[in-house]
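>>> need a structure here:
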Amino acid sequence: MKTFLINAGIVVMALSSLAAQASNYSTADKKRCFSENTADKTITFLYCLDSGFWSGSVTSCYVRGSFNGWKSAETCRLAYDSECNCWTVTLPFDYVNQPGNSGQPEYKFYVNGSYKDAPSWLTDGYKFKNGSNNQIVVFSYEDFEQIKKNSEQANVIRSLSSFNFDLDEDRAVVANFRCVPGTKNLYRSYHPYKATDHKNNGNNTEYERLHYVKYLAAANGIKSDICLSENEEKSLTTYTCNSVKCQEVIPVYYTRIIEGKNVLYVNAGKGTPSYNEVYYNSTSSTFGAWVREIVEFIISDSHPAPFQIHCRLGTDRTGVFCGVLAALCGATWDEIAEDYQRSNDMQIREFRDYHLLAYSFRKILDVENMSEVEDLHKSMSEYFVSHGYLTQAQIDALKDKLNDDVERMPVEEDMALGVDDLLLGKARVRKIQTPEGLFIDNGVHSYTLTGGAVR
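Okay, the predicted model is just below:
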């Protein structure tokens, strides 16, 4: 990948080359807070003090964003331009074009030591509407209408009533559970037993979400697990869902995996894989070592298939590692990108655009665009072999093991669709036998069970 190595000298030089240009920014530029210069391949950030724009006195102004680790880098310090009544800084495309969750460069102005949220007067489409109030850069060559649609989707919290749990599809969506492309024996998911107490609390889906992770993993006979978050076997706690107090419980199938010593806690004791490392430092030796650790665990005769892989939400760390494993097993980029995007169907205000994954992949493969990659399996394999992280024999063994026909032994204890062992306090579970099957109402959702056993 062609990287614009930026430092103070380069930025000063870039600014000097633009000094002769009139700083006559359009109203449209000021209303989106940046100006794009396609000829020089630069972005000028604009903090405009005209009436109707930003207000208040300014003593210091920086732009912090996904492209500088949300830090006040001196190269990203704005200077006042009296000709346009704006604080400005001009940066190269290649530096700015490092995406956040939206798939676009995200940023905020950091003025007088405080962040400024996206203003109400900002042109529609230049704010990422996921609750972060981050502003985004949209380049002229991009699909602006699709980016606006993504932003709208990012702000939606899906309610429990919108799911039909008689459908396998909806069970899989709420659990973020599915088979990884290019494999038959690797399943990605939400965490098997830890509730996530954050922005998705308001939609009251955690009980059902954990229930269906358990159900689907048990139904698919999962025998080994790859955990990209902490070991929390001894950190079970309660959580509140729909005004009902619930208890975290390790499922039977997962207890058997633990007892069989078939759980891999990646980088155990030395810090779990991080968001920044998997997306922005995917060429680091640290990331390469994590991939090697996962592959060695999978191909070991000690750990049987099928495998489950997850972090907390099953989106970021899970998404990147599943993408790499899928590529090593022969999946195409289109299949991987589509699979990555499917986690957004949970609609828990944790939107991720596949361009974020593409950034990680482009760094590994040293390309400007994924369309340049003719054979993803070959290119990804060559990278990990040439850098000494894997051998071709290990990659072949990985592909074979994740695609072999294996005996699947469903864990029936975890497959009851009306299990009430997680509900405490005010919970009341009704179970009524009807001619159509067993009707269950757990106070959160009701459905009819037409097969299986309720325990």
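>>> mind listing what's buried along stretch 378-394?
By neighbour count on 16 or more other CB atoms under 10 Å, the buried set for stretch 378-394 is 379-381, 383-384, 389-390, 394. In short, each C-beta sits where N, CA and C put it, glycine included.
>>> mind showing which ranges of the stretch 1-150 of the chain have poor pLDDT?
1-23 (pLDDT under 70).
>>> again, only this time at 90
Counting by pLDDT under 90, the ranges of the stretch 1-150 of the chain that qualify are 1-24, 130-133.
>>> kindly report the same for the stretch 201-350 of the chain.
201-208, 237-248, 348-349.
>>> mind putting the buried residues of stretch 378-394 into CSV with pLDDT and secondary structure?
Formatted as CSV, the buried residues of stretch 378-394 follow (pLDDT from 0 to 100; DSSP: H, G, I helix; E, B strand; the rest coil):
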residue, pLDDT, secondary structure
379, 98, helix
380, 98, helix
381, 98, helix
383, 98, helix
384, 98, helix
389, 98, coil
390, 98, coil
394, 98, helix
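>>> closest to residue 79 among these?
Comparing these against residue 79 with CB to CB picks out residue 383 as the nearest, at 41.0 Å.
>>> the closest one and residue 377, how far apart?
Counting by CB to CB, to the nearest Å, the gap between residue 383 and residue 377 amounts to 11 Å.
>>> so residue 110, which state does it fall into?
Residue 110 falls in the strand class when you classify it by DSSP: H, G, I helix; E, B strand; the rest coil.
>>> so which helix or strand takes in the nearest residue to it once chain neighbours are set aside?
Distances taken as CB to CB, 6 or more residues apart in numbering place residue 62 nearest to residue 110, at 4.3 Å, with adjacent residues excluded. Secondary structure assigned from DSSP states H and E places residue 62 in strand 61-65.
>>> contacting residues for residue 185?
For residue 185, the residues meeting the contact criterion (CB atoms under 8 Å, 6 or more residues apart in numbering) are 305-307, 401-404, 406.
>>> just send those back as JSON lines, with neighbour count too.
Formatted as JSON lines, these follow (neighbours: other CB atoms under 10 Å):
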{"residue": "305", "neighbour count": "21"}
{"residue": "306", "neighbour count": "20"}
{"residue": "307", "neighbour count": "26"}
{"residue": "401", "neighbour count": "22"}
{"residue": "402", "neighbour count": "24"}
{"residue": "403", "neighbour count": "16"}
{"residue": "404", "neighbour count": "10"}
{"residue": "406", "neighbour count": "15"}
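>>> so which of these are in strands?
Among the contacts of residue 185, the subset assigned to strands under DSSP state E consists of residue 307.
>>> wouldn't residue 230 be in contact with residue 272 here?
Yes - the pair residue 230 and residue 272 qualifies as a contact (CB atoms under 8 Å) at a distance of 5.9 Å.
>>> neighbour-wise, which of those two wins?
With other CB atoms under 10 Å as the criterion, residue 230 and residue 272 differ in neighbour count, and residue 272 comes out ahead with 19 against 14.
>>> what helices or strands is the next helix or strand after the strand holding residue 62 leaning on?
Heading C-terminal from strand 61-65, the first helix or strand you meet, by DSSP H and E, is strand 79-81. Contact partners of strand 79-81 among helices and strands, from 3 or more CB pairs under 8 Å, 6 or more residues apart in numbering; DSSP states H and E: strand 86-92.
>>> tell me how many other residues crowd the residue nearest to residue 110.
Residues near residue 62, counting by other CB under 10 Å, number 25.
>>> if I pick residue 173, what's in contact with it?
163, 345-346.
>>> let's see that with 10 Å instead.
With contacts defined as CB atoms under 10 Å, 6 or more residues apart in numbering, the neighbours of residue 173 are 158, 163, 167, 209, 212, 342-343, 345-347.
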